[in-house]
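>>> sequence plus the predicted model coming up.
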Amino acid sequence: MRAVVQVIRNELRIFTASDRSTFFIYAVLILTWSFLFSVNTFEKDDASVMLWWIFFSVVISGNFSTTIFVLERTSGALEVIITSGFSRRALMLGKILFVLGVSIVMAWFCIGLAFIGRTFFSSMLSSYFIAPPKTYMGLYIAASFMNAAFGAYFSIRLPNPRLVSFAAVLLVGALVSVYYGISAIMPLSPWILAVLFCAIGALWLVLALREFESERVTRPITN
């Protein structure tokens, strides 16, 4: 557990030391999506609002997964990290938990900005802001977990790891389409979709741990 915490701290240190342009991009993303959330009504379990939250998770967690798993692998930095003394299981779990944690923080930033927008511009908006139902946050967290585990596994399995983000969008789109297709025939609780995200994410996580622990270091570090 201590090793996992150290990996999370290391990832946080790397992120905070990123170029200013990185923070500018995330600031634009947060402002854009908070505006989209502020002009939507959070009072009902509206399908369109659910979709905004689900695909917002793809944007945030998918981007962090690409940075942590794909870019480190393609640049060779991951090979250095593997030989740094951390167990591979701790590395994988720490990175996935970091992606999930940062995704949740980003979501609350958006919620806060959306709240400010509705507070100061309520006269121009259709309704006052109400905190999003637990359903939306549950779906967001479940989808973020699935995206993080998906990125971890397919950054190893795909011949071109840079396709991970595109494949994640296709996966989420397919699952959401199946859910709404069945919902048109028989009512389904949104929590079923959240449970499905978690189950698939757990599968990707198990497979990623298995692949990562058996992977060879192609360029070992020598003194």
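Received it, and whenever you're ready, just let me know what you need.

>>> quick one: average pLDDT of the strand or helix carrying Gln6?
Element membership for Gln6 (DSSP states H and E) is helix 2-16. Averaged over helix 2-16, pLDDT sits at 83.

>>> and it, how far out from the chain middle?
Relative to its parent chain, helix 2-16 has a centroid offset of 17 Å by CA atoms, centre = their mean, to the nearest Å.

>>> from the contact counts, what lies against that helix?
helix 88-120 (3 or more CB pairs under 8 Å, 6 or more residues apart in numbering; DSSP states H and E). Quick note: C-beta positions are derived from backbone N, CA and C, even for glycine.

>>> which strands and helices sit next to the helix it packs on?
Secondary-structure packing of helix 88-120 (3+ CB pairs under 8 Å, 6+ apart): helix 2-16, helix 20-38, helix 47-65, helix 77-82, helix 134-157, helix 190-214.

>>> repeat the analysis, applying 6 Å as the threshold.
Counting contacts by 3 or more CB pairs under 6 Å, 6 or more residues apart in numbering; DSSP states H and E, helix 88-120 is packed against helix 2-16, helix 20-38, helix 47-65, helix 134-157, helix 190-214.

>>> out of the ones you listed, which one sits most buried?
Neighbour counts (mean count of other CB atoms under 10 Å) averaged over each of the helices and strands packed on helix 88-120 peak at helix 134-157, with a mean of 24.

>>> which residues touch that one?
Helix 134-157 has contacts (CB atoms under 6 Å, 6 or more residues apart in numbering) with 53-54, 57-58, 61-62, 65, 69-70, 73, 96, 99-100, 103, 107, 161, 164, 168, 190, 194, 197-198, 200-201, 204-205, 207-208, 211.

>>> for Met106, which non-adjacent residue is spatially closest?
Ile60 (4.9 Å; CB to CB, 6 or more residues apart in numbering).

>>> the one you found against Ile104, yeah?
No: using CB atoms under 6 Å, Ile60 is not in contact with Ile104, being 9.3 Å away.

>>> residues in contact with Phe197?
Phe197 neighbours (CB under 6 Å, 6+ apart): Ala142, Ala143, Met146.

>>> with adjacent residues omitted, what lies nearest to the first one?
I take that to be Ala142. Leaving aside its sequence neighbours, Ala142 sits nearest to Phe197 (CB to CB, 6+ apart; 3.7 Å).

>>> over to the last one?
Setting aside the residues directly before and after it, Met146 is nearest to Gly201 in space (CB to CB, 6+ apart), at 3.6 Å.

>>> who are the neighbours in contact with the one you found?
Phe145, Met146, Ala149.

>>> the closest residue to Phe15 other than its chain neighbours: neighbour count?
Once flanking residues are discounted, Phe15 sits nearest to Val102: 7.3 Å by CB to CB, 6+ apart. When neighbours are defined as other CB atoms under 10 Å, Val102 has 22 of them.
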